[in-house]
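Student: how would this look folded up:
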Amino acid sequence: MWRWLTVFLFGGLLGTGFGVALGFFLFPYVFPPPEAMEQLTAAEKTGLVAEGTFIHANPSDPIHYGKGRVSVYEKTVFLHDDFEVGPGPKFHVYLVPKSDIRASSDLSDVMFVDLGRLRSFKGSQKYEIPPGLDLSKYKSVVIWCEQFAVLISPADLKEVAKS
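Tutor: Numbers count the residues shown, from 1 in each chain. Okay, the predicted model is just below:
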């Protein structure tokens, strides 16, 4: 009798733990935040420095993907309305001084600038760049999962010729 009760309680605890973990993982898929629709003001559109496109860095990974355009202005990083990443927990937007980032290990030992937590998995968004940053040194914008230290999507930046 006690053996069955012990097995029942252990199974209940194990099942509850698994259910909670699964719930944390599936929550962003079931209840995604609304699509972002931020726009740049006329003052923010001045001083375009670089542009890029987010890519799916690891095509064999169906969960961690990204797509869409990004523009870097003197004071703002702008993710365009075609921006989209697979949902997940605690995504951040980084400015990185290295190009060709294709794996999580590419960011080890690299000093980056954290522009803040990603506000939405889809749609246009803007992130303020800290004052005094030399943008010519930053070659990528990266979406990074801080909770699991995983690369979600990189965008290599191409400098825009000043006219």
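
Student: switch to C-alpha atoms for all contacts and neighbour counts from now on
Tutor: Fine.

Student: now the protein, which segments are flagged as low pLDDT?
Tutor: Counting by pLDDT under 70, the chain contains low-confidence ranges at 24-33, 163.

Student: domain parsing for the protein?
Tutor: Annotated domains of the chain cover 1-31, 36-159 [automatic domain parsing].

Student: Export those as CSV, with columns for mean neighbour count.
Tutor: Formatted as CSV, those follow (neighbours: other C-alpha atoms under 10 Å):
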stretch, mean neighbour count
domain 1-31, 11
domain 36-159, 18
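
Student: Alpha carbons only: can I get stretch 68-84 in CSV?
Tutor: Output of stretch 68-84 as CSV, limited to C-alpha atoms (Å, rounded to 0.1, in the frame of the first residue of the first chain):
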residue,chain,number,x,y,z
GLY,A,68,13.2,41.3,-41.6
ARG,A,69,15.1,44.5,-42.1
VAL,A,70,17.0,46.6,-39.5
SER,A,71,18.2,50.2,-39.8
VAL,A,72,20.7,51.9,-37.6
TYR,A,73,20.4,55.7,-37.2
GLU,A,74,22.6,58.0,-35.1
LYS,A,75,20.4,57.6,-32.0
THR,A,76,18.1,54.7,-32.8
VAL,A,77,18.1,51.1,-34.0
PHE,A,78,14.8,50.5,-35.9
LEU,A,79,13.4,47.0,-36.7
HIS,A,80,11.1,47.4,-39.7
ASP,A,81,7.5,46.2,-40.0
ASP,A,82,8.7,43.0,-41.8
PHE,A,83,10.7,42.0,-38.6
GLU,A,84,9.8,38.6,-37.1
